[in-house]
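In: Sequence and predicted structure are below.
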Amino acid sequence: MSSSSLGIPTSSGGSDDTPGRACYLSASNEQAWAAVYRSVDAYTRGQVAAVVSDSVAQLVDTFYSVLLADAEAGPRLSHDIVATRLHSGMTRWLKGLLCVRDQGDIGALMATQKKVGEVHARVHIPMHLVMAGARILKNEIALRLRASDLDGPAVAVAMQYVGNLFDLAVEQMSRAFMRDISRGARNDEAYRLFALGQNISTERERQRAALLEWSQAVLIGLHYRAPGQALPRLAASEFGLWLQHKGGAMFESAPALQQITEAVARLDQEVLPQLMRNETPGQASSMPDHVRELQELVARIKHLLNGLFDMVAEIESGSDPLTNVLNRRFLPSVVGREISIARRQRSEFSVLLLDIDHFKAINDEHGHSGGDQVLRQFAEVLHQSCRSSDFVFRYGGEEFLVVLVDAGREAALAAAEKLGAEIRRHVFTVTEAGPLHITASIGVATFDGHPDYAYLIDRADKALYRAKQAGRDRSETA
């Protein structure tokens, strides 16, 4: 087999169709992809396709076995997710890139790489891990090409062809990855600023009251709790949940936030166990000292909390202009952060997707002004019915999304049923039209370990669809 038949340039001038010249073009240029596919003849492309197709299962197994064993990549994956979701996706990706006899639909191929890069950004897979994975696959394919029917020069051309395609794919992924990461960073900062711009005085008093309520519950529990009954932990209280899920975003990087977190941990891990410990007969009680320490730590938390709120300046609100709940653009930041917390602490959280039933009829009968009044009141019902640690979003149109922190499937379903009942009970009012009763359909989905926030919301959306198909005014779980 001659060099020319393999697509190797036979003159010093070369052309844009050669592998070398193709490398000079951006991965966002379809000519780069076309040039790489045309840089080898149909026979070589067929041999590469056959090698990859015959061993694709082993290639994917090797790829994930190496990543699962890696100290950095391993914790981001699990054998279950690899087996049920990622293995088939990687198989399709490899075949789409390399198991082709001609260049095929390059536009669709480029779109696939872009989508993969966006997913990597959403689940925070660093690009250096993607490049390490590509290196593993290229090496495994090279070993199999050397054992194929291709001779030495043909193997070199085939390996360059495979390398160029992988490089183009990773480059295209990187462009999408960096674009989404930058957008996410801007949204994270915008959400932080938005959180700071809320009604600070109201939030301050709400959290001071929650902290006081917890300390009173502990003191009452010391005298009236049953033998062996645990005292309530501050981290699990209304204040503790707010501190972890919202306070962390509002006051990120503030030294006082870390000091409050340490005080909460000390109360839960040292002071409460000391208060619950049985006193040794014949020894003086140390209860007053421990109660005094509890009160001092609570007072310290109050002081630090006041300082955090005092340092916050009013910032232009970033809420939905109609309903004054969270803007949808903050959804990736909030849910992404909850996923990180859930994975780190092995905890649960859930999302509720609510849709006002027959909202079009409301608009038709009362006009868009009447519909807007209903939306504002609906958002207020949600806001008042949820805990201060939960997040309420205007998802779009007449749809709202609630992120329930520290809530598993049963708790989320109970919360959905409670919300549905509260919506049915509430009397909505429309100017010049009198009272109005409405209902809502609700889809419930609980975080199951999948790192992509879009997957969780899609599950809630499918559950919502089932609720509407089953007659509306009901809750369904994913």
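Out: Arrived safely, thanks for sending.
In: which helices and strands does the strand or helix carrying His368 pack with?
Out: Using DSSP states H and E, His368 sits within helix 359-385. Under the contact definition 3 or more C-beta pairs under 8 Å, 6 or more residues apart in numbering; DSSP states H and E, helix 359-385 sits against strand 349-356, strand 391-396, strand 399-405, helix 409-425, strand 428-430, strand 434-436. Quick note: C-beta positions are derived from backbone N, CA and C, even for glycine.
In: Now do the helix or strand hosting Ser201, average pLDDT.
Out: For Ser201, the element it lies in under DSSP H and E is helix 200-224. Averaging pLDDT along helix 200-224 gives 89.
In: Just name whatever secondary elements it is in contact with.
Out: Helix 200-224 packs on helix 238-242, helix 272-276, helix 287-310, going by 3+ C-beta pairs under 8 Å, 6+ apart.
In: Which among those helices is found nearest to Val392?
Out: helix 238-242 (13.9 Å; C-beta to C-beta).
In: Which neighbouring elements make contact with the closest one?
Out: With contacts taken as 3+ C-beta pairs under 8 Å, 6+ apart, helix 238-242 sits against helix 200-224.
In: any idea of the angle the helix holding His368 forms with strand 349-356?
Out: Angle of helix 359-385 versus strand 349-356, following axes from the mean of the first three to the mean of the last three C-alpha atoms, to 10 degrees, is 140 degrees.
In: hmm, who's touching stretch 453-467?
Out: Stretch 453-467 has contacts (C-beta atoms under 8 Å, 6 or more residues apart in numbering) with 122, 331-332, 335-336, 339, 351-355, 401, 441-445, 447-448, 450, 474-478.
In: so how far is that stretch off the chain centroid?
Out: Centroid separation for stretch 453-467 versus its chain: 14 Å, with C-alpha atoms, centre = their mean, to the nearest Å.
In: just stretch 331-347 next, same as before
Out: Between the centre of stretch 331-347 and the centre of its chain there are 6 Å (C-alpha atoms, centre = their mean).
In: Outside of it itself, list whatever touches it.
Out: Outside stretch 331-347, the residues that touch it by C-beta under 8 Å, 6+ apart are 122, 124, 184, 187-188, 191, 244-245, 249, 326, 348-349, 351, 391, 393, 395, 401, 403, 405-406, 447, 449, 451, 453, 456-457.
In: quick revisit: can you add distance to Val162 and give the helices and strands packed on helix 200-224 back as TSV?
Out: Converted to TSV, the helices and strands packed on helix 200-224 look like this (distance: least, C-beta to C-beta, whole Å):
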stretch	distance to Val162
helix 238-242	51
helix 272-276	60
helix 287-310	55
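In: Quick check: buried residues in the helix holding Ser201?
Out: Buried residues in helix 200-224, counted by 16 or more other C-beta atoms under 10 Å: 200, 203-204, 207-208, 210-211, 214-215, 218, 221.
In: what angle sits between it and helix 287-310?
Out: Going by the same axes, to 10 degrees, helix 200-224 makes 170 degrees with helix 287-310.
In: Name the next helix or strand downstream of the lowest-mean-pLDDT helix or strand in the chain, please.
Out: In the chain, no helix or strand scores lower on mean pLDDT, DSSP states H and E than helix 19-22, which sits at a mean of 48. With elements assigned by DSSP H and E, the helix or strand that comes after helix 19-22 is helix 30-38.
In: Which residues belonging to that following helix are considered buried?
Out: For helix 30-38, burial by neighbour count (16+ other C-beta under 10 Å) applies to 32-38.
In: Kindly report the same for stretch 76-92.
Out: 76-77, 81-82, 86, 90.
In: now stretch 446-456
Out: Buried residues in stretch 446-456, defined by neighbour count with 16+ other C-beta under 10 Å: 446-447, 450-453, 455-456.
In: With stretch 374-393 instead?
Out: Buried residues in stretch 374-393, counted by 16+ other C-beta under 10 Å: 374-375, 377-379, 381-383, 385-386, 389-393.
In: On the pLDDT front, check Ser3 for me.
Out: For Ser3, the predicted pLDDT is 35.
In: Equivalent analysis for Gln258, please.
Out: On pLDDT, Gln258 comes in at 92.
In: if I've got this straight, His124 is in a helix?
Out: No - the assignment for His124, made by DSSP: H, G, I helix; E, B strand; the rest coil, is coil rather than a helix.
In: unless I'm mixing things up, it is touching Phe177, no?
Out: No - between His124 and Phe177 no contact is recorded; they are 10.1 Å apart, counting by C-beta atoms under 8 Å.
In: Settle it for me: which of these two has more neighbours?
Out: Taking other C-beta atoms under 10 Å, His124 and Phe177 do not tie; Phe177 has more neighbours (23 against 14).
In: now the more buried one: how far from Ile106?
Out: Using C-beta to C-beta, to the nearest Å, Phe177 is found at 20 Å from Ile106.
In: and Thr446, what are its phi and psi?
Out: phi -110, psi 140 (degrees, to the nearest 10).
In: how's the chain carved up into domains?
Out: Domain ranges of the chain: 4-192, 200-310, 328-477, per automatic domain parsing.
In: what stretches of the stretch 151-300 of the chain score poorly on pLDDT?
Out: Residues of the stretch 151-300 of the chain meeting the criterion pLDDT under 70: 181-199, 278-286.
In: try 80 this time
Out: 179-202, 226-228, 249-250, 252-253, 278-287 (pLDDT under 80).
In: Put the alpha carbons of stretch 68-81 into CSV.
Out: The C-alpha atoms that make up stretch 68-81 are tabulated as CSV, following Å, rounded to 0.1, in the frame of the first residue of the first chain:
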residue,chain,number,x,y,z
LEU,A,68,-12.7,5.1,39.1
ALA,A,69,-9.3,4.1,40.5
ASP,A,70,-8.0,7.7,40.2
ALA,A,71,-7.8,9.7,43.5
GLU,A,72,-9.4,12.8,41.9
ALA,A,73,-11.7,11.3,39.4
GLY,A,74,-13.0,8.4,41.4
PRO,A,75,-15.0,10.4,44.0
ARG,A,76,-16.9,12.1,41.2
LEU,A,77,-18.2,8.8,39.8
SER,A,78,-19.8,5.7,41.1
HIS,A,79,-19.9,2.1,39.7
ASP,A,80,-23.7,2.4,39.6
ILE,A,81,-23.8,5.6,37.6
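In: how many other residues sit next to Val52?
Out: 22.
In: gap between it and Lys360?
Out: Going from Val52 to Lys360 by C-beta to C-beta gives 51 Å.
In: Check Thr112 too.
Out: According to C-beta to C-beta, Thr112 stands 37 Å off from Lys360.
In: now Ile438
Out: From Ile438 to Lys360 the distance is 12 Å (C-beta to C-beta).
In: Those two: who's more crowded?
Out: Ranked by neighbour count (other C-beta under 10 Å), Ile438 and Lys360 place Ile438 first, with 21 against 11.
In: How about the secondary structure of the more buried one?
Out: In three-state terms, and counting by three-state DSSP, Ile438 is coil.
In: And Asp452, what's its pLDDT?
Out: Reading off the model, Asp452 has pLDDT 89.
In: my read: it touches Val123, true?
Out: Yes - contact status for Asp452 versus Val123: in contact at 5.1 Å, counting by C-beta under 8 Å.
In: coming back round to it: chain center to the helix holding Ser201, what's the gap?
Out: Here helix 200-224 shows a centroid-to-chain-centroid distance of 31 Å under the convention C-alpha atoms, centre = their mean.
In: Same question for stretch 142-150.
Out: 41 Å.
In: Report the buried residues of it.
Out: Residues of stretch 142-150 classed as buried: 142, 144-145, 150 (neighbour count, 16+ other C-beta under 10 Å).
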